[in-house]
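1. just need the structure, nothing else, for what follows:
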Amino acid sequence: VDVWITVVEPPSSDSGMAVALPYPEVSIVGPTIVNPTDGSFPLTFSSEVVLSNPNQQSPLSYEWSLQGVNDEAIFAASRTKSFTAIYPSAMSPGSHYTLQLTAVSALKQETMARMTIYSNSPPTSGSLTVSPVEGYSLDTVFSLSSLNWIDSDLPLSYEFKFDTGTDGDLQVPLKIASSSTQIDTTLPPGEPLTLRVVVTDSLGAASTSQTSVVVLMRESSVDEVIDNMQIKVEESERTM
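-> Next comes the predicted model:
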């Protein structure tokens, strides 16, 4: 963190002689790397003030700014308090930003602190493939593969899932996140059944790719399918 101090004329004592007080030190506390893929959850940044002299006064006013960004909507909290919050989803992946804090004391001493924030890029260019594209629940072994992802923040982790629920609003893991780019598994019935892979880099930025298969159900295997799905859910919960 770079600390910048604006020099102002010091106050005078009753004797008429100038009293030079040391300036309070201010710094920014918060993450230096953010992930735009984290969604709308804001990240908090706060100020830290160090008073090295008993005659120093804490800042009375604060002003936060993000250099190069004119849209104030990126701030999720007030810009004039000792802390603020920023929406990472409003940042462009792969970009650097400078967060600046200006603090002013009752004696008009103005101190500035700056922090460089890197907006991490998620993995790109990869895909999810499955073979075969049609089969039978519990009988057919499907091979899911996710390759060709590009990211400088290695290693990458891969988590394979399938959609379930009325509108596919529930995703059931087929395997917890690992470095493996391929899994072989049976699947529950679905016409079609949506499959997903979530690929995450070492700094936490994630991308999702999806595909679908047709999984038919034999009439005699309804109970087996239900039991198998329950087993997969329980295995997933034990490994989380």
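2. let me see the contact set for S125.
-> 148-150 (Cβ atoms under 8 Å, 6 or more residues apart in numbering). Just so you know, the C-beta spots here come from the backbone N, C-alpha and C atoms, and that holds for glycine as well.
3. roughly how far does it sit from E72?
-> 34 Å (Cβ to Cβ, to the nearest Å).
4. thinking again about what came up before, list buried residues within the contacts of S125.
-> The neighbour-count test (16 or more other Cβ atoms under 10 Å) applied to these identifies W149 as buried.
5. how about the helices in the chain?
-> Here the chain has its helices, by DSSP state H, at 222-239.
6. before we move on, the earlier item: and which of the contacts of S125 is nearest L174?
-> For the contacts of S125, the residue nearest L174 by Cβ to Cβ is W149; the value is 18.1 Å.
7. thought the closest one was touching V198?
-> No: under the criterion of Cβ atoms under 8 Å, W149 is not in contact with V198, lying 11.3 Å apart.
8. now do the shared contacts for the two.
-> Here W149 and V198 have S207 as joint contacts, going by Cβ under 8 Å, 6+ apart.
9. thinking again about what came up before, going by distance to L107, which of the contacts of S125 wins?
-> Nearest to L107 among the contacts of S125, counting by Cβ to Cβ, is I150 at 53.2 Å.
10. I'd say that closest one and S121 touch.
-> No: the pair I150 / S121 is not scored as a contact, 9.5 Å apart, by Cβ under 8 Å.
11. residues touching Y97, list them.
-> Y97 neighbours (Cβ under 8 Å, 6+ apart): 66-69, 91, 116-119.
12. change it to 7 Å
-> Going by Cβ atoms under 7 Å, 6 or more residues apart in numbering, Y97 touches 66, 68-69, 91, 117, 119.
13. quick one: low-confidence parts of this protein?
-> 1-23, 39-40, 52-57, 70, 165-168, 219-226, 228-229, 232-233, 236-237, 239-240 (pLDDT under 70).
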